[in-house]
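K.L.:
missing the sequence, but the structure's below:
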């Protein structure tokens with residue numbers, strides 16, 4: 001059927017209302033017409049204001065973090081988060097000595113979320129905007145738009161033909177499997193391919209393959225997440241909506257490492273495999289996996305469908321594999337430096353802290369009061385309120 005519906009769910013003071021509206025009639029959506037979302041938006045902007053105030057007030061490096069010239073034990077200079085002037089190319093953010101049961105720790109990896117406005121170059125961000133816009137426009141035309149080649153339709157029908165079913169739960173599981181094999185496969189080939197074509201060229205290849213597959217999975221999931229077998233319906237459970245929102249919000253604070261190096265993602269700067277050590281890494285060495293599990297748990301609990309459960313199962317399996325895969329790649333590149341960081345961090349959140357292997361600086365919170373985190377907070381809130389438009393856009397594909 002060419003008729004697709006979007007579900008807009010919101011919570012009032014006394015109960016949870018579930019409104020089913022045609023995606024093409026967003027102007028009649030309760031999310032737009034009622035006063036409720038504007039109250040939420042106002043509260044969100046107040047939250048964002050105080051966060052940005054903290055970023056501006058405490059954007060100086062942590063008292064325990066300084067900038068001293070030096071190189072890593074492996075001999076490789078430590079790069080910065082965003083474009084930097086050449087005078088910083090051979091510098092490393094070094095943590096002052098922290099007494100532990102094993103002796104003294106120093107920061108031997110990269111300082112997560114480091115950002116300094118004066119290091120930024122307008123030309124770099126102009127290139128980033130042009131490159132990103134061009135790639136997204138090309139992917140939209142080739143993969144999705146009705147006047148293009150419709151490669152997205154070909155991908156979907158090929159997957160469904162291969163599994164012999166159009167069931168949404170089986171389809172989304174198979175689509176995410178293809179994405180996982182392609183994404184992790186290309187990541188595994190990275191050290192060998194970069195020797196042949198270079199880091200920037202391989203990043204382009206990686207993006208050309210991964211981006212349309214990821215967008216296809218997202219669009220199909222948005223269209224069909226309410227379909228399949230309804231395993232449970234807890235949407236009227238008091239407090240569940242708030243709990244799911246809080247879990248989703250926090251999950252993106254864990255998911256950030258994959259997207260913080262924006263100029264490297266677009267190959268404006270030379271892509272690197274970073275050995276992060278500060279910030280969220282002190283809590284868990286694999287924040288993206290932890291964040292993905294949190295996101296899946298919240299969405300599956302709220303939706304309660306077999307399609308949501310199937311998508312979450314594949315996403316979690318993929319990220320559990322990435323835990324092993326990521327450690328292997330870092331160990332191959334950084335050797336003893338990685339082993340030292342592995343010793344004082346953990347996959348399970350807070351485990352290393354509770355065991356005394358990781359001691360947080362007194363001003364640990366300053367490692368989060370940085371510009372990139374403001375971007376994550378703002379983007380997460382914007383994505384939440386943009387859900388109706390995301391649903392409408394995905395419905396236009398008629399998948």
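P.N.:
Received, thanks. As the structure is a prediction and not an experimental result, all values here were calculated from the model. Residues are numbered from 1 along each chain as shown.

K.L.:
so what does the host helix or strand of residue 388 touch, helix or strand wise?
P.N.:
Residue 388 belongs to helix 387-395 when assigned by DSSP states H and E. If you count contacts as 3 or more C-beta pairs under 8 Å, 6 or more residues apart in numbering; DSSP states H and E, helix 387-395 packs onto strand 5-11, helix 199-224. Just so you know, the C-beta spots here come from the backbone N, C-alpha and C atoms, and that holds for glycine as well.

K.L.:
using a markdown table, lay out these together with distance to residue 132 and mean neighbour count.
P.N.:
Below are these laid out as a markdown table (distance: least, C-beta to C-beta, whole Å; neighbours: other C-beta atoms under 10 Å):
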| stretch | distance to residue 132 | mean neighbour count |
| --- | --- | --- |
| strand 5-11 | 27 | 18 |
| helix 199-224 | 10 | 19 |
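
K.L.:
export those to CSV and tack on mean pLDDT?
P.N.:
Shown next, in CSV, are the helices and strands packed on helix 387-395 (pLDDT from 0 to 100):
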stretch, mean pLDDT
strand 5-11, 38
helix 199-224, 94
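
K.L.:
one step back: what comes up buried for the helix holding residue 388?
P.N.:
Buried residues in helix 387-395, counted by 16 or more other C-beta atoms under 10 Å: 388, 391-392, 394-395.

K.L.:
any chance of the residues you listed in a markdown table, plus distance to residue 244 and pLDDT?
P.N.:
Listed next are these as a markdown table, based on distance: C-beta to C-beta, whole Å; pLDDT from 0 to 100:
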| residue | distance to residue 244 | pLDDT |
| --- | --- | --- |
| 388 | 17 | 91 |
| 391 | 17 | 90 |
| 392 | 22 | 89 |
| 394 | 20 | 87 |
| 395 | 22 | 87 |
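
K.L.:
nearest to residue 294, of the residues you listed?
P.N.:
Of all those, residue 294 sits closest to residue 391, with 21.9 Å by C-beta to C-beta.

K.L.:
the closest one contacts residue 225, correct?
P.N.:
No - checked against C-beta atoms under 8 Å, the pair residue 391 and residue 225 is beyond contact range at 9.4 Å.

K.L.:
tell me the contacts of residue 209?
P.N.:
Residue 209 makes contact with 182-183, 186, according to C-beta atoms under 8 Å, 6 or more residues apart in numbering.

K.L.:
so which of those is the closest to residue 262?
P.N.:
Once C-beta to C-beta is applied, the member of the contacts of residue 209 that ends up nearest residue 262 is residue 183, at 18.6 Å.

K.L.:
and the pLDDT for that closest one?
P.N.:
We have a pLDDT of 95 for residue 183.

K.L.:
and if you look at residue 34?
P.N.:
For residue 34, the model assigns a pLDDT of 40.

K.L.:
any of the contacts of residue 209 buried? List them.
P.N.:
Buried among these (16+ other C-beta under 10 Å): 183, 186.

K.L.:
which residue packs closest to residue 339, ignoring adjacent ones?
P.N.:
Spatially, and ignoring its direct neighbours in sequence, residue 339 is nearest to residue 331 (7.0 Å; C-beta to C-beta, 6 or more residues apart in numbering).

K.L.:
distance check, the one you found against residue 324.
P.N.:
11 Å (C-beta to C-beta, to the nearest Å).

K.L.:
those two - which one has more neighbours?
P.N.:
Ranked by neighbour count (other C-beta atoms under 10 Å), residue 331 and residue 324 place residue 331 first, with 14 against 11.

K.L.:
thinking that one is in contact with residue 341, fair?
P.N.:
No - between residue 331 and residue 341 there is no contact under C-beta under 8 Å: 10.3 Å.

K.L.:
who's in contact with the spatially closest residue to residue 245 that is not a sequence neighbour?
P.N.:
Distance criterion C-beta to C-beta, 6+ apart; nearest residue to residue 245, sequence neighbours excluded, is residue 384 at 7.2 Å. Residues counted as contacts of residue 384 (C-beta under 8 Å, 6+ apart) are 245, 248-249.

K.L.:
and residue 123, how many residues sit next to it?
P.N.:
Residues near residue 123, counting by other C-beta under 10 Å, number 10.

K.L.:
how far away is it from residue 270?
P.N.:
Per C-beta to C-beta, residue 123 is found 16 Å from residue 270.

K.L.:
which stretches of the chain form helices?
P.N.:
For the chain, the helices defined by DSSP state H cover 30-33, 36-57, 122-139, 151-163, 168-197, 199-224, 240-255, 262-265, 287-303, 306-334, 336-343, 351-354, 371-385, 387-395.

K.L.:
dump the ones you listed into a markdown table; add distance to residue 109 as well.
P.N.:
Converted to a markdown table, those look like this (distance: least, C-beta to C-beta, whole Å):
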| stretch | distance to residue 109 |
| --- | --- |
| helix 30-33 | 43 |
| helix 36-57 | 23 |
| helix 122-139 | 24 |
| helix 151-163 | 38 |
| helix 168-197 | 18 |
| helix 199-224 | 19 |
| helix 240-255 | 18 |
| helix 262-265 | 16 |
| helix 287-303 | 14 |
| helix 306-334 | 8 |
| helix 336-343 | 5 |
| helix 351-354 | 14 |
| helix 371-385 | 17 |
| helix 387-395 | 35 |
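
K.L.:
and among those, the most buried is which?
P.N.:
Comparing the helices of the chain by mean neighbour count (mean count of other C-beta atoms under 10 Å), helix 287-303 comes out on top with a mean of 21.
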